[in-house]
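Q: need coordinates for the following:
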Amino acid sequence: MQLRASGLPLKYYSEPQHLTAPLFYFGSGLSYADYSLGPRLDISVAGGGALRSGATFTATVNVSSAGPAGKCVVQVYASQLAPTKFVAYQQMLLCVAKADVPADARDVPVAVACRADDLELYDPDVGAYVTYSGNYTLSAALDAGPSLAATKAVATVTLQGSYAWTPPWARR
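A: This is a model prediction of the structure:
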């Protein structure tokens with residue numbers, strides 16, 4: 001793994017030939033129960049209205065379990081749909097919530113509190129962290145590996161951010 005300074009903030013890069021699959025993906029946890037997510041991810045903005053920079057919102061997904069009662073961690077990931085100046089991530093962990101799930105439960109709603117400002121990125125041209133306006137896909141998962149890749153709990157939100165970037169080909 002190499003460490004390179006690339007402006008602010010400091011980033012870590014790894015060469016592709018050194019990448020290996022982890023033994024345990026982030027969030028995989030050790031449990032005697034098997035958890036699964038429902039097919040819907042519902043988004044509600046605090047105070048109603050549009051999702052804006054500075055707003056908080058809740059992502060709610062149903063969790064089912066097979067086995068004894070336990071705790072599971074629901075993770076919400078975000079990815080940008082609209083082009084921006086920087087493609088900073090394919091999927092970014094946005095927020096998490098730990099939930100108590102009863103034994104052999106079906107469709108237990110788990111609410112995950114999120115902040116729109118956690119989608120901000122550093123823009124060296126502006127010299128500050130900005131939240132880009134545009135469409136984002138939010139995905140719920142139980143871990144950062146196979147659960148995230150196979151998730152069907154997906155929602156698309158439109159964020160009215162603190163900064164709207166116009167691609168060069170769209171400028172007149």
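Q: tell me where the chain has helices.
A: Using DSSP state H, the helices of the chain run over 146-149.
Q: contacts only, for I43.
A: 51, 57-60, 138, 155, 157 (CB atoms under 8 Å, 6 or more residues apart in numbering). Backbone N, C-alpha and C define where each C-beta goes, glycine included.
Q: that one bridge partners, please.
A: For I43, the beta-bridge partners under DSSP bridges are A59.
Q: doesn't M92 make contact with S79?
A: Yes. If you go by CB atoms under 8 Å, S79 and M92 touch, sitting 7.1 Å apart.
Q: for L142, see how far away V63 is.
A: Distance from V63 to L142, counting by CB to CB, to the nearest Å: 8 Å.
Q: which residues do these two both contact?
A: Contacts common to V63 and L142, judged by CB under 8 Å, 6+ apart, are 35-37, 72, 74.
Q: what's the weakest-modelled helix or strand in this structure?
A: Ranked by mean pLDDT, DSSP states H and E, the weakest helix or strand in the chain is strand 2-4, scoring a mean of 40.
Q: is it true that A78 touches Y136?
A: Yes. Between A78 and Y136 there is a contact at 5.2 Å, judged by CB under 8 Å.
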